[in-house]
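Enquirer: Model the following, please.
(6 chains)
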There are 4 protein chains.
Amino acid sequence: MAPVHDKQLTERGRRTRDNLLHAASVVFARQGFLDTKITDITTEAGTANGSFYNYFDSKEDIFRAAIAQVNGRMFEVAASRLPEGASPYERIEAATRRYVEGYKADAGMIMILEQVATFSPEFKAMRRETRTMFRARTERGIRRWQEAGVIDPNLPAQVAADALTSMVSNFCYMWLVFDEDYDTETVVITLSRMWAQALGLPVPD
Amino acid sequence: MAPVHDKQLTERGRRTRDNLLHAASVVFARQGFLDTKITDITTEAGTANGSFYNYFDSKEDIFRAAIAQVNGRMFEVAASRLPEGASPYERIEAATRRYVEGYKADAGMIMILEQVATFSPEFKAMRRETRTMFRARTERGIRRWQEAGVIDPNLPAQVAADALTSMVSNFCYMWLVFDEDYDTETVVITLSRMWAQALGLPVPD
Amino acid sequence: MAPVHDKQLTERGRRTRDNLLHAASVVFARQGFLDTKITDITTEAGTANGSFYNYFDSKEDIFRAAIAQVNGRMFEVAASRLPEGASPYERIEAATRRYVEGYKADAGMIMILEQVATFSPEFKAMRRETRTMFRARTERGIRRWQEAGVIDPNLPAQVAADALTSMVSNFCYMWLVFDEDYDTETVVITLSRMWAQALGLPVPD
Amino acid sequence: MAPVHDKQLTERGRRTRDNLLHAASVVFARQGFLDTKITDITTEAGTANGSFYNYFDSKEDIFRAAIAQVNGRMFEVAASRLPEGASPYERIEAATRRYVEGYKADAGMIMILEQVATFSPEFKAMRRETRTMFRARTERGIRRWQEAGVIDPNLPAQVAADALTSMVSNFCYMWLVFDEDYDTETVVITLSRMWAQALGLPVPD
DNA sequence: AATGAATGAGTCTTCATTCAT
DNA sequence: AATGAATGAAGACTCATTCAT
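Expert: Numbers count the residues shown, from 1 in each chain, chains lettered A, B, ... in the order given. I've put the predicted structure just below:
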């Protein structure tokens, strides 16, 4: 029987599907994608084994659904408008703060996504899309500021944007993977300062 | 029969072991760790299936052996002395160049290590060790320069070192994973400039 | 998926498990423990190979389950109360009769247990427990009769009880292993007579 | 290449074969037949793996050779003439003493033979042969004594002989398998007394 | 004769997915 | 919709035996 993703679900069906989805997040975050068995999810959800396939096609499928919200939020962060009329540094700090806070909020699933992206083309592409969006915004900013003459004109904008993206995203990843004991505010300030200075933007104080 | 890791191997044995090790590198780089089956390795090496177990215990075991050299080189890069008497910026550029070149040379296996580190505690620890060594050297440099008054005194040294480590290592990873078309020299120069400026070190145009 | 030993089984599940258990008894008795492969059991049971692992962990596990009933019965025989108010000889004969009949009823599995006990500590211990219980009852009887002055007072009770246990249990084993053509009633009477006389108990012609 | 069992061995070859044979006894006694790998034997013997097949065809083959001496000794014990002119009880005690002492001397390999006899027709037959010889001698004695009117005439000679054989042989087996702390002299005397009395033979004191 | 490497048949076990109720 | 049992393809691993030197 084909899964009922696209069918109209009854109230009861919707509830079961939600249970599974929530259970999947919990189990993925706890065990990683690879060590998660379908039965781990159904056990966590309190449903029968076979019920899984009433709603999802496979582990990839439920992961796709489970990551969707997280991905959406990351996407929003990457695409969100920054405060108009703020100074360049203020904009950098605002962007960094949003990123760091968003990362911490969804750290569990983001880390799983990093794992899955190492072997699944589909999720590698998803990973790339978010990164590209983030980088693109940064790159636009760099070009604008270079044209405005407020930052180092020698930096190739895309490479620089890529480097800054790596600095922030991978810092967060390593911070959480290796459980470094850093204070969030310190992190935000430090990353922001370094970001600005890396571009040759003078930073207040 | 227990694997012969520690036994004396004859010339023939050594050759077979080398074949397997080389085959493993090839197959890992081609298929990733997860999609590699033991038979893929033996087929690539042109040996019988059972021969594998004359030399290695498991896929993890041969991966450990295959990564050992790579890891050793990464470790050396992270630990290597930088040119004495050079200016701070020159030291940064030298370190970055070594890192980038080392990364590119072993890109295939390093990328597999990133994959394995997402689910294997052992290789996660290996990954961490190298990173820590790299960061520690950077951190020492930062403190020294801060004391010497040549860079921004406001940056917390460890966080800053971590951020720079992420910037460079993850830039290389993404560059190669996503196959970005960057020129190596441009990358080295850009990363070095940004590194220096991020710390508040003036860079000779 | 973990075996369902402890889960509630549906009627269907119970039936499949019973089929496997029964098939195991058949195959063990036919081929011995060592020559029995999991597939022999599933083939005999008419299930798919993988179904085995829905109910049992391993060959040892299903053997444990298959032997449990037999072992329980042997235990009961060894522990059962003998007729009150009967003469010593009558008690000996009753005990021997029960033992011999019990042995013959479960001969197939008992013989397999002897095999398994030669290499498995777990089943060696099981074997020992039953023997010890049997011997202990015999030993108590001997002491009582020695105190009552009706049997040879010179025999060390434990050694004697051990010897009688060996006489009866191993007689049955060899009888069935080597397929000797003995009449059961003759065996019971002969063993009982010898048992009694060995202890110095006069036997009614 | 066919094994050289039947070829004339050089001095060196004989030595290697002896080493293997001795090593096999050691390893079999230590690990049992089933848990012994060919490499365990060659390792113990200090020879190369392949050397094994220069002298023996298989694990069964070397076991056959290793058990041969033991079996020969058991056979001799079972067949040995008992002291002429001794009283029936003295003959029983002499036979028991020889048996118990022989058993203890070769206990290690005898126990392995019990294991192997549970699954190998060949060694089951060997086991039977020795037992039959032992029983036959006992049976002849019983018949003679019955004709002479010195023991219970009601016992069927073969069954009785079988029972006594079981009593003694299995007592020794269990004694050693379960490591009971019995004194050898006590065992010999007790078994002998019980043997004699079981047959209805009056025992001095 | 001795060596030790090479071989591959034989099993076990897992677990995503399907099926019948 | 829900259930839980059934399925079998896939892979890992062992080790007796053979082979080449």
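Enquirer: helix or strand right after the lowest-mean-pLDDT helix or strand in chain A?
Expert: The helix or strand of chain A with the lowest confidence, counting by mean pLDDT, DSSP states H and E, is helix A:59-79 at a mean of 91. As assigned by DSSP states H and E, the chain's next helix or strand after helix A:59-79 is helix A:88-105.
Enquirer: From residue A:111, how far off is the residue nearest in space to the middle of chain A?
Expert: Most central in chain A under C-alpha atoms, centre = their mean is residue A:74, positioned 4.3 Å from the mean C-alpha point. To residue A:111, residue A:74 is 13 Å away according to C-beta to C-beta, to the nearest Å. Backbone N, C-alpha and C define where each C-beta goes, glycine included.
Enquirer: Excluding sequence neighbours, find me the nearest residue to residue A:26.
Expert: Nearest non-adjacent residue to residue A:26, counting by C-beta to C-beta, 6 or more residues apart in numbering or on different chains: residue A:44, 5.8 Å away.
Enquirer: Any figure for the gap between the one you found and residue A:13?
Expert: Distance, residue A:44 to residue A:13, using C-beta to C-beta: 19 Å.
Enquirer: Give me the more crowded residue out of the two.
Expert: More neighbours surround residue A:44 than the other of residue A:44 and residue A:13, with 18 against 15 (other C-beta atoms under 10 Å in any protein chain shown).
Enquirer: per-residue pLDDT, the more buried one?
Expert: For residue A:44, the pLDDT comes out at 97.
Enquirer: Is there a neighbour count for residue A:200? I'd like the number.
Expert: With other C-beta under 10 Å as criterion, residue A:200 counts 20.
Enquirer: Give me the pLDDT value at it.
Expert: 96.
Enquirer: closest point of chain A to chain C, which residue?
Expert: residue A:39 (5.5 Å; C-beta to the nearest C-beta).
Enquirer: tell me the domain ranges of chain A?
Expert: A:11-56, A:67-198 (automatic domain parsing).
Enquirer: Residue D:163 is nearest to which of the ones you listed?
Expert: Residue D:163 sits nearest to domain A:11-56 of all the domains of chain A, at 55.9 Å, using C-beta to C-beta.
Enquirer: And DNA strand E, is the closest one touching that?
Expert: Yes. Using C-beta under 7 Å from any atom of the strand, domain A:11-56 reaches DNA strand E at A:37-39, A:49-50, A:52-53.
Enquirer: do the same with stretch A:106-115
Expert: No. Shown here: stretch A:106-115 not in contact with DNA strand E (C-beta under 7 Å from any atom of the strand), separated by at least 14.8 Å.
Enquirer: separation between the residue lying closest to residue A:134 once chain neighbours are set aside and DNA strand E?
Expert: Sequence neighbours aside, residue A:78 is the residue nearest to residue A:134 in space, at 4.0 Å (criterion: C-beta to C-beta, 6+ apart). Separation of residue A:78 from DNA strand E (C-beta to the nearest atom of the strand, to the nearest Å) stands at 31 Å.
Enquirer: Next, count neighbours for residue A:78.
Expert: Look at residue A:78: counted by other C-beta under 10 Å, it has 22 neighbours.
Enquirer: dump the residue contacts of it.
Expert: Counting by C-beta atoms under 8 Å, 6 or more residues apart in numbering or on different chains, residue A:78 makes contact with A:130, A:133-134, A:137.
Enquirer: Same question for residue A:163.
Expert: Applying C-beta under 8 Å, 6+ apart, we find residue A:163 in contact with A:198, B:167-168, B:171, B:190-191, B:194.
Enquirer: Neighbour-wise, which one of the residues you listed leads?
Expert: Most neighbours among those, by other C-beta under 10 Å: residue B:194, with 30 neighbours.
Enquirer: confidence score at it?
Expert: Note on residue B:194: pLDDT of 98.
Enquirer: do residue A:5 as well
Expert: As predicted, residue A:5 sits at a pLDDT of 51.
Enquirer: which bits of chain A sit near DNA strand F?
Expert: Counting by C-beta under 7 Å from any atom of the strand, chain A comes close to DNA strand F at A:4, A:7-10, A:12-13, A:15-16, A:47-51, A:53-55.
Enquirer: how about a cut-off of 10 Å?
Expert: Counting by C-beta under 10 Å from any atom of the strand, chain A comes close to DNA strand F at A:1, A:3-5, A:7-17, A:19-20, A:38-39, A:42, A:45-55.
Enquirer: Got a quick PyMOL command for the buried subset of the residues you listed?
Expert: A single PyMOL command selects the buried members of the residues of chain A next to DNA strand F (16 or more other C-beta atoms under 10 Å in any protein chain shown):
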select buried, chain A and resi 9+16+17+19+20+38+42+45+47+51+52+53+54+55
